[in-house]
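J.: How does the following fold in three dimensions:
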Amino acid sequence: MRSPQSVLEELKFVRSLGIREVCFKDWTFGVDHRETEVLLDEMIEANLGISWFTFTRAEVLNQNLIRKMKKAGCRVLQIGVETIELDALENLKRKNDLEQIKNVFFLCKKENISTMATLVLGLPGCDEESFQKTIDYVIEIDPDYASFNIITPLLGSKLRANWESQGLVDAE
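T.: Residues are numbered from 1 along each chain as shown. Reported below is the predicted structural model:
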């Protein structure tokens, strides 16, 4: 993890090159609230004229953080929704609070930050009916964009080992 000061210095350099929009390739921007607050405060104070977008999760966001992100130039938040099938997520050691997700999408809309719901197809335990329920939920939370991704059992992951043992993927 980089210090807020080093990120700010890089943003200043990037801006000096004429770049006005960046993506923070952080899978969960804001997970360290203290460091995130410092970075956002410094970005606001520096007034760089850079807009940005990033990936995050609903459980790390709240109204104050979303408001500060907007003030610091955030234009789009890509928020992991995955599926509404909580059992399927639990098997992957992930959790979702559907009310919290709904609230975060509402708060982003209120603060005029565009949203992208990211979803995963092919999770173990999900079928066509569960996928339809997830689509209905996504329509309800009303993101500006939706990204549908097919699960990929990465080499070395527990999911890959399970799928190999079940004959769902070739070990080679």
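J.: What part of this protein, helix or strand, is modelled with the least confidence?
T.: In the chain, no helix or strand scores lower on mean pLDDT, DSSP states H and E than helix 86-91, which sits at a mean of 64.
J.: tell me the mean pLDDT for whichever helix or strand comes after that one?
T.: Following helix 86-91 in sequence order, the next helix or strand is helix 98-110 (DSSP states H and E). Mean pLDDT, computed over helix 98-110, is 95.
J.: what are the pairing partners of the next helix or strand after helix 98-110, and which direction each?
T.: Using DSSP H and E, the helix or strand that follows helix 98-110 in sequence is strand 114-121. Using DSSP bridges, strand 114-121 pairs in its sheet with strand 74-82 (parallel), strand 145-150 (parallel).
J.: which sections of this structure are below the confidence cut-off?
T.: Applying pLDDT under 70 to the chain flags residues 86-94.
J.: Let me see the contact set for the closest residue to Glu82 other than its chain neighbours.
T.: Distance criterion CB to CB, 6 or more residues apart in numbering; nearest residue to Glu82, sequence neighbours excluded, is Val120 at 4.8 Å. From N, CA and C alone the C-beta is placed, and that goes for glycine too. Residues near Val120 by CB atoms under 8 Å, 6 or more residues apart in numbering: Glu82, Thr83, Asn149, Ile150, Ile151.
J.: Equivalent analysis for Asp144, please.
T.: Under the criterion of CB under 8 Å, 6+ apart, the neighbours of Asp144 are Val76, Ser114, Thr115, Met116.
J.: Which of these has the largest number of neighbours?
T.: With neighbours taken as other CB atoms under 10 Å, the top of the contacts of Asp144 is Thr115, carrying 21 neighbours.
J.: Who does that residue form a beta bridge with?
T.: Per DSSP bridges, the residues bridged to Thr115 are Leu77.
J.: what does Thr54 give?
T.: On the basis of DSSP bridges, Thr54 is bridged to Phe24, Leu77.
J.: same thing with Leu119?
T.: Following DSSP bridges, Leu119 is listed with bridge partners Glu82, Phe148.
J.: Would you confirm that it contacts Ile150?
T.: No. The criterion here is CB atoms under 8 Å, and Leu119 misses it with Ile150 at 10.1 Å.
J.: Lovely, talk soon.
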